[in-house]
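> Next input, structure requested:
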Amino acid sequence: MKILLLGKNGQVGWELQRSLAPMGEVLALDRHSTDFCGDLSQTKRLAQTVRDWRPDVIVNAAAHTAVDKAESEPDLARCLNATAPAALAQAAAEIGAWLVHYSTDYVFNGLGVQAWQEDDATGPLSVYGQTKLEGEQAIATSGCKYLIFRTSWVYAARGGNFTKTMLRLAAERERLTVINDQHGAPTGADLIADVTTHAIRQVMANTAPDLTGIYHLVAAGETSWHGYASHVIAQARTLQPAQVLKVSEIAPVPTSAFPTPARRPLNSRLSTRKLQQAFGLVLPPWQQGVDRMLREIL
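As a prediction, this is how the structure comes out:
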């Protein structure tokens, strides 16, 4: 099997290099790659790479993910999040390849308290959410075979993340203020990569019914950013009792306490029932992945 991976050095892309390796020949690219084009801003060259290399599966883990910055550069966000996936989907349709793509809970309006289902009405609040939705729609109408995984609150041990920020601030300050009216499930890039590989193996086996479609992929359970921070700091004290954390209070505050250029959804809960049933999976609780990451970084 030949797999084309885009965005190889992002959080999910890095983990995909690991999980996809046993599946076959993996051509992993990023925007700096030279022999083949992995730059989502170069849509014609990107599509030509697909036609030239002729992979069985394209996994697109690249995107414009700077949510606030997207508000001031909507054209670039649209190119990376909508135009490029459309070009990949068209090229995939031409050669009969599967396209695996990642999207986000930001395609919804963030209202209510129920976990979003895949077929719920969308209503993005930001340029990022709107362009990611346009990417989904372009793929769905392209005629290619595709898997779109919507996820949220993604983290990885590699690079910066919310956990590392909270631990740094907890070592510097006695009081932290953390948002408590946004709800979701912290989801590890390693979990996303492993589920992706499992799904690719199933769709390529040709023994199941048509699995083309959109799926929600997040860890089990839910919390707020305040609950997430509280868990991280409590676990850090358990795992590294000698580490000095000054913080004695983690104060809950509303989203309005931290104004940002892009509006954030308050409800980022995603139902994973469809994913679990289609691919025979059981998704672990979010705490399991966060605790594992803490053991790596502490």
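> what's the burial count for residue 272?
Residues near residue 272, counting by other Cβ atoms under 10 Å, number 22. Heads up, the C-betas are built off the backbone N, CA and C, glycines and all.
> could you show me where the helices are in the stretch 1-150 of the chain, in order?
11-20, 43-53, 67-70, 74-78, 84-95, 127-140 (DSSP state H, counting those that start in this stretch).
> In JSON lines: those, plus mean pLDDT and mean neighbour count.
Formatted as JSON lines, those follow (pLDDT from 0 to 100; neighbours: other Cβ atoms under 10 Å):
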{"stretch": "helix 11-20", "mean pLDDT": "97", "mean neighbour count": "21"}
{"stretch": "helix 43-53", "mean pLDDT": "96", "mean neighbour count": "17"}
{"stretch": "helix 67-70", "mean pLDDT": "97", "mean neighbour count": "18"}
{"stretch": "helix 74-78", "mean pLDDT": "98", "mean neighbour count": "17"}
{"stretch": "helix 84-95", "mean pLDDT": "98", "mean neighbour count": "23"}
{"stretch": "helix 127-140", "mean pLDDT": "98", "mean neighbour count": "23"}
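> among those helices, which is nearest residue 284?
Minimum separation from residue 284 across those (Cβ to Cβ) falls at helix 11-20, 15.2 Å.
> For the closest one, name the packing helices and strands.
Here helix 11-20 touches strand 2-6, strand 25-29, strand 154-155, helix 189-205, going by 3 or more Cβ pairs under 8 Å, 6 or more residues apart in numbering; DSSP states H and E.
> among these, which is nearest residue 139?
strand 2-6 (13.7 Å).
> Report the backbone C-alpha coordinates of that closest one in PDB.
Provided in PDB are the C-alpha atoms of strand 2-6 (Å, rounded to 0.1, in the frame of the first residue of the first chain):
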ATOM      1  CA  LYS A   2       1.200   3.500  -0.800                       C
ATOM      2  CA  ILE A   3       0.200   6.300   1.600                       C
ATOM      3  CA  LEU A   4       0.800  10.000   1.000                       C
ATOM      4  CA  LEU A   5       0.900  11.900   4.300                       C
ATOM      5  CA  LEU A   6       0.700  15.700   4.400                       C
END
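> And it, how far out from the chain middle?
17 Å (Cα atoms, centre = their mean, to the nearest Å).
> report the angle between the axes of that strand and helix 11-20?
Using axes from the mean of the first three to the mean of the last three Cα atoms, to 10 degrees, the direction of strand 2-6 lies 160 degrees away from that of helix 11-20.
> which residues does residue 110 contact?
125, 263-268 (Cβ atoms under 8 Å, 6 or more residues apart in numbering).
> who's in contact with residue 171?
243-247.
> what about burial for those, which qualify?
245, 247 (16 or more other Cβ atoms under 10 Å).
> Residue 148 is nearest to which of the helices and strands packed on helix 11-20?
helix 189-205 (11.0 Å).
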